[in-house]
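Visitor: quick one, fold the following:
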Amino acid sequence: MRRELQAGWLAMSVLLGSAAATTSARGEEQAAARPSAESERDRAVRDFEDGRSAHAAGRLEDAELAYLRAWARLKTYDIAANLGQVQLQLNKPASAAKHLAYGVRAAGPEIEAERLARMLALLDEATKQVGTLRVRVKNVADAEVFVDGERVPAEEVKHEIYVDPGQHLLVIRRAGYEDAVRPLATTPGATEEITIDLKPKAATARGAVGAPVNGEANTKAPAAGAQADEPRSWVPAIALGAASVVGLGVGVGFTLASNAASADARAQREAILRVGPGCLDAPRALADRCAQLARTTARSDRLRDVAGVTYIASGTVALAALAVALWPRTGSAPGSAVGVVPDLRANTAGVLLVGAWQ
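Guide: Predicted coordinates for the structure are as follows:
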């Protein structure tokens, strides 16, 4: 049988040689009379004739390229059959089976019985070398099928998918549904039937508020008694955070002023010590200088105290901003809480931010 087919390959090409120039089979009806469509068809016929010439000369790779160009421009049974024939000779049985199967399906009643018989014989030879998949999705009509990451045209999914023997990964995909993933191990000449139901995605199945249902927005109102989450407003947290930053800047300013006053006090004290015993039992000549030193020291202390208070206020406002940001929204899980409590000790005082979430 194999030898008879090989001997008939060239005859097959000759038998179908004039078909593209005279017919446009069921896969693509007679081209319209428009110049652009007619020109595209003419180019397909020239590519087909180039393929026949290369095929007759034994240049199979050139013939395949020419037939592929013709196939891209015009899908007819004769182009598909000759392309499949060459691919079978090039040991590409999966591609050959795909094109030969199309040729058989698209051949019209006008085709001679001998031609159809040769096409069927070539298709049988190709399918004996490949695995055949028949994929059916029961609950979705327009699911996409991928084999090893490549999308399978809908025309092939509707009929049969031909793959080389070996390991493959089949993925069936449709928006709104979970992907169906199935590893396959195909053997030559075997046919595998795959029939599945796609499972709706979890959010779609629950019908959650605002979740898409079969690709459409769900605009229904929440069920009676249901409490919808209110959108959080970040304005209070931002305002408190900004106030905390401003307070921190003011505290830094008072600290710098206190440090400057303290430096002035040290300089005045050193000047007094250079001319006398100091301000304790100071002579009358140093009274004014000692009074000025006292005032400078007092000013430094006041500025330091004000800076400390400002830092505490800035920290408290920052904690308040954090509390607002973390405060549970309406509808949060029971038991979630955030609070600010005072922390009083012997030598220090402060506040603690306490939170619990479930």
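Visitor: so what's residue 181 up against?
Guide: 169, 170, 171 (C-beta atoms under 8 Å, 6 or more residues apart in numbering). Yep, even glycine has a C-beta here, placed from its N, CA and C like the rest.
Visitor: bridging residues for the second one?
Guide: With DSSP bridges as the criterion, residue 170 is bridged to residue 147, residue 182.
Visitor: any idea how far residue 200 is from it?
Guide: When C-beta to C-beta, to the nearest Å is the yardstick, residue 170 and residue 200 sit 20 Å from each other.
Visitor: ok, back up a step: now, which of the contacts of residue 181 sits nearest residue 112?
Guide: For those, the minimum distance to residue 112 (C-beta to C-beta) is 38.0 Å, reached by residue 170.
Visitor: now that closest one: how far from residue 260?
Guide: 78 Å.
Visitor: follow-up on the earlier one: of the contacts of residue 181, buried ones?
Guide: Neighbour-count burial within these applies to residue 170; the criterion is 16 or more other C-beta atoms under 10 Å.
Visitor: buried residues in stretch 142-152, which are they?
Guide: Judged by neighbour count (16+ other C-beta under 10 Å), stretch 142-152 contains these buried residues: 143, 144, 145, 147, 152.
Visitor: for the closest residue to residue 66 other than its chain neighbours, report the pLDDT, please.
Guide: Computed as C-beta to C-beta, 6 or more residues apart in numbering, the closest residue to residue 66 that is not its neighbour in sequence is residue 51, at 3.5 Å. Here the pLDDT value assigned to residue 51 is 91.
Visitor: where along the stretch 201-350 of the chain do the strands fall?
Guide: Per DSSP state E, counting those that start in this stretch, the stretch 201-350 of the chain carries strands over the ranges 337-344, 349-356.
Visitor: what is the mean pLDDT for the last one?
Guide: So the one you mean is strand 349-356. 55.
Visitor: likewise for the first one?
Guide: Strand 337-344 shows a mean pLDDT of 53 in the predicted model.
Visitor: quick thing: my sequence starts at 52, can you match it?
Guide: Noted, 52 is the first residue going forward, which turns the last one into strand 388-395.
Visitor: what residue ranges in the stretch 252-401 of the chain score low on pLDDT?
Guide: Residue ranges of the stretch 252-401 of the chain with pLDDT under 70: 254-283, 327-329, 331-333, 335-337, 379-401.
Visitor: circling back: element containing the residue nearest to residue 117?
Guide: Using DSSP states H and E, residue 102 maps to helix 86-107.
Visitor: who does that helix touch, helix- and strand-wise?
Guide: Counting by 3 or more C-beta pairs under 8 Å, 6 or more residues apart in numbering; DSSP states H and E, the packing neighbours recorded for helix 86-107 are helix 53-66, helix 70-73, helix 111-124, helix 128-140.
Visitor: show me which residues of that helix are buried.
Guide: With burial defined by 16+ other C-beta under 10 Å, the residues of helix 86-107 counted as buried are 92, 95, 96, 97, 98, 99, 100, 101, 102, 103, 105, 106.
Visitor: stretch 307-320 too?
Guide: When burial is assessed from 16+ other C-beta under 10 Å, stretch 307-320 yields the following buried residues: 308, 309, 312, 313, 315, 316, 319, 320.
Visitor: and for stretch 107-121?
Guide: Going through stretch 107-121 with 16+ other C-beta under 10 Å, the ones that come out buried are 111, 113, 114, 115, 116, 117, 118, 119, 120, 121.
Visitor: could you do stretch 245-256 as well?
Guide: 245, 247, 249, 251, 255.
Visitor: confidence-wise, which of those residues comes last?
Guide: Scanning these for pLDDT, the low point is residue 255. It has 45.
Visitor: returning to what we had before: dump the residue contacts of the residue nearest to residue 117.
Guide: When contacts are counted by C-beta under 8 Å, 6+ apart, residue 102 is found next to 113, 114, 115, 116, 117, 118, 121, 133, 134, 137.
Visitor: switch the cut-off to 10 Å
Guide: Residues in contact with residue 102 (C-beta atoms under 10 Å, 6 or more residues apart in numbering) are 64, 68, 71, 110, 113-122, 130, 133-134, 137.
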